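> Got a predicted structure plus its sequence, pasted below:
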Amino acid sequence: MAGPLPWLITRGRAVNWIALFEAGRFIYKHGKQRWDNLTPDERRRIGELVRKSKGRRSNLTDRERDRLWALVKKTMAG
C-alpha cells in the first residue's frame, strides 16, 4: 500500500501552479489596495472585531456589527 508521500507528489503534479500563483498575486495586490484605504486605527479595529466575533455575528453587538460593516464598505470605496 502506498503511503501519503507518493500520493501528495502525484496530487502536487496535478496542480496548475502558474495559475495558482497568479491568482494569489491578484488577490494580494487588490486586497492590499483595499486594505490601504483604511487608517492604521481602522485596520486595528477590524482585527479586534473579527477576533471578538470568532466568525459569528451573534458575538458582536449591533453597534459593533454596524461599525465592522462600515469599515468593510470603506475598503471597497475607491
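Okay, I see it.
> Could you tell me which helix of this structure is the longest one?
Criterion DSSP state H: the longest helix present in the chain is helix 17-35.
> Around Ile27, how many other residues sit close by?
Residues near Ile27, counting by other Cβ atoms under 10 Å, number 10. C-beta: built from backbone N, CA, C; applies to glycine.
> Use 22 as the first number from now on
From this message on, residue numbering opens at 22, which makes the last subject Ile48.
> so where is this structure shaky, pLDDT-wise?
Scanning the chain for pLDDT under 70 picks out 22-23, 28-29, 99.
> how about a cut-off of 80?
22-36, 98-99 (pLDDT under 80).
> Pick out the residue nearest the middle of it.
Gly52 (8.2 Å; Cα atoms, centre = their mean).
> Tell me how far that residue lies from Thr82.
27 Å (Cβ to Cβ, to the nearest Å).
> Glu69 too?
13 Å.
> do Thr31 as well
Distance from Thr31 to Thr82, by Cβ to Cβ: 50 Å.
> The closest residue to Arg64 other than its chain neighbours: how many residues sit nearby?
Leaving out its chain neighbours, the residue that sits closest to Arg64 by Cβ to Cβ, 6 or more residues apart in numbering is Trp56, at 6.8 Å. Residues near Trp56, counting by other Cβ under 10 Å, number 12.
> Output the contacting helices and strands for whichever strand or helix holds Ala91.
Assigned by DSSP states H and E, Ala91 belongs to helix 83-97. In terms of contacts (3 or more Cβ pairs under 8 Å, 6 or more residues apart in numbering; DSSP states H and E), helix 83-97 is packed against helix 38-56, helix 61-74.
> Throw those into JSON lines and include distance to Thr96, thanks.
As requested, the helices and strands packed on helix 83-97 are exported to JSON lines (distance: least, Cβ to Cβ, whole Å):
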{"stretch": "helix 38-56", "distance to Thr96": "4"}
{"stretch": "helix 61-74", "distance to Thr96": "8"}
